[in-house]
Every structure is written in C-alpha cells, then in structure tokens.
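A.B. asks: requesting a structural model of the entry that follows:
(chains A and B)
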2 protein chains.
Amino acid sequence: MFVLGIDPGLTRTGYGVVAAERGSVRAIAAGVVRTDTAAPIADRLAELHRDLATVVRDHAPSQVAIEQVFVNQNRRTAISVARASGVALLVAGQAGLPVTEYTPSAVKMALVGYGNADKQQVQRVIAMRLGIDAAPKPADAADALAVALCHLQASHLHRLLERAP
Amino acid sequence: MFVLGIDPGLTRTGYGVVAAERGSVRAIAAGVVRTDTAAPIADRLAELHRDLATVVRDHAPSQVAIEQVFVNQNRRTAISVARASGVALLVAGQAGLPVTEYTPSAVKMALVGYGNADKQQVQRVIAMRLGIDAAPKPADAADALAVALCHLQASHLHRLLERAP
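C.D. replies: Numbering: from 1, shown residues only, chains lettered A, B, ... in the order given. As a prediction, the model looks like this:
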C-alpha cells in the first residue's frame, strides 16, 4: 500500500509517500511544494494544484491522508490553509483516490501515544518507523510523512478490528 | 466586459455572469452548482471544479469576482466555504482570469449604499440594475450576480479615478 500524506498550506505544502509491504514501512518520497508569495492567490492555488497532481502522477499512491486544518489557528491562517487543503482534496478526488483527514493531535496520538507530543518527539518516531537517521527537513515534509504513517497505522488497526471475531 | 460572480459553498455555489456594454448592464446567466451531500468531500470538490470550469468555458468571462468567506460564520462552515472558494479561485487561476474578492458587506455597500442592507433590499437593487422583474432564485444565484455587479461598479470607479487629473 502506497500512502500519500499531505500537510497543506498556501505557502508550503508538505508531501510524503510511504510504502507498506510485507510488514515493513519505508519512505518513497518527501518534499515541499512552494508557491510564489508575491503571486495572486488564484495563481498560487493553480501552482499548488499542478505540483500536487505531478506528485500523484509520479508516485501513484493508492490512498491519501491529509492533515486537517488546525482549529486554534487565527482565522486568516485557517482560511488560507482550508483553501490549500481544498485543493489537496480536489487533486485526490480528481485522481479517484480515497482520502482520510486527521487532526494534528490524532497524528501525534497515533505516532507518539499522546496528542500533545512536541515536534522533536514526533520527528524521532518518524525516523524510527522509517528506519532512517533523522526525519527529513523541512518540517512540512516530515509532518506529511507523519500523516501518512498515522493513516497506515489507522488502516492496520481497522483491518485487525474487521477480522476480529 | 463579462464578469463572472461566484458565491462559493460546498453544497451550493451560486454563479452569475453579467455583461457591461455601452453603458448598459445585463445578466447573461445565473444558476447554482450543487454537489452531492452524501459523497466524500474530495469527490464533491472535484464535482464543483468540473461544473465551475464548464461555466467558465461556456460563458468566457474576462474577470471573476468572488464573495469572501464570511468572518462571523461558525468555524466548521467557514472551513467548508473556504475550501469551496479555494476551488473557485483555482478555476479562475487555471483559466488565467484576474480575480477580485469582496466581503458580503462590501457587496451590500456597493449595491445598496450600506453594509447592513437586508436580502430583500439587495435583491430589489439586483433586479433594478439588470432591468428584470425580480432577482433570480435561488438566493445563491442572486448573491453571485450581486458580487459581479459590485465588481463592475468597483472597476468603473477605479477607471474613473485613474482618469481623474
């Protein structure tokens, strides 16, 4: 199973692709899509759409996991993130891929075991799970991998529960 | 000048096209794009994108005006509207069209003269400006025409100011 994780934002959108095969998990790709802060918002969203569609085409994930808009952000930021996440959802929808959204605290809970884990703890767990020395930088790429790992874990639990007598 | 006005929403997005030629303004089209409330959000955004892109293709506007996310909505609604408006902005960006956003109160101010005008007053002004008996229904289509008219008026003032000595 190839999962594309996305941490959406208008200026920087992190993405990370993880593959789960025969019980092992590895990172296939991780990076950040940036848009030109000096450009009009419509052009920035078009740029984001084009770049995320390229990521989907290049890595052919079978599922998409997106970090949900953080509820305690200020309203202007929340609206900007919501627009970027709308474009990320759209790209998945246009590719016919199933999407699941996870709140930032659900991601931390799944990876570290509690919802208030700090960035460093999350990054250590990402590196450990993927068998790499350190989580990739910038943070948005690592956050995207975290959402993808959270989804793998949730899907795994879901399958176990379905099989349970 | 053909202006496409959009009043974005995930369930219903109103659109209206107005044409300003030789000092007269008329409505070319007005309607509502609906998405299936039972479908996953990614599919709904893909449906909205497809339908709005069709409106742009069919009516070939030269400019787009979008009603901004209302600041006093509850957060869940605001995020849902922000995603729909992100898709509307994207469609304009992909078509290479300039976009301007207007707050609901700016639209009322431009049309009726004050920002707290009620729906009925706005609808009467829309009908009057477009020389029709009544504003079209549903309200989302009328709201979209209102944003388009607001943009025409703002562009007209803008041109007058630029010409002023």
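A.B. asks: the spatially closest residue to A:Ser62 that is not a sequence neighbour - how many residues pack around it?
C.D. replies: The spatially closest residue to A:Ser62, leaving aside those adjacent along the chain, is A:Phe2, at 5.3 Å (Cβ to Cβ, 6 or more residues apart in numbering or on different chains). Bear in mind the C-beta positions are built from the backbone N, C-alpha and C, glycine included. Here the neighbour count serves as a burial measure; for A:Phe2 (other Cβ atoms under 10 Å in any protein chain shown) it reads 17.
A.B. asks: give me the contacts around the worst-scoring helix or strand of chain A on mean pLDDT.
C.D. replies: Every helix and strand in chain A was compared by mean pLDDT, DSSP states H and E; the lowest is helix A:139-163, with a mean of 87. Contacts to helix A:139-163, defined as Cβ atoms under 8 Å, 6 or more residues apart in numbering or on different chains, come from residues A:1, A:3-7, A:9, A:12-18, A:20, A:25, A:27, A:30-32, A:63, A:65-67, A:100, A:102, A:106-107, A:110-111, A:119, A:122-123, A:125-126, A:129-130, A:135-136.
A.B. asks: out of the residues you listed, name the ones that lie in helices.
C.D. replies: Among the contacts of helix A:139-163, the members found in helices (DSSP state H) are A:Ala106, A:Val107, A:Ala110, A:Leu111, A:Lys119, A:Val122, A:Gln123, A:Val125, A:Ile126, A:Arg129, A:Leu130.
A.B. asks: contacts only, for the third one.
C.D. replies: The neighbourhood of A:Ala110, defined by Cβ under 8 Å, 6+ apart, consists of A:Tyr102, A:Leu149, A:Cys150, A:Gln153, A:Ala154.
A.B. asks: can you check the last one too?
C.D. replies: Contact partners of A:Leu130, counting by Cβ under 8 Å, 6+ apart, are A:Val18, A:Val25, A:Arg26, A:Ala27, A:Leu145, A:Leu149.
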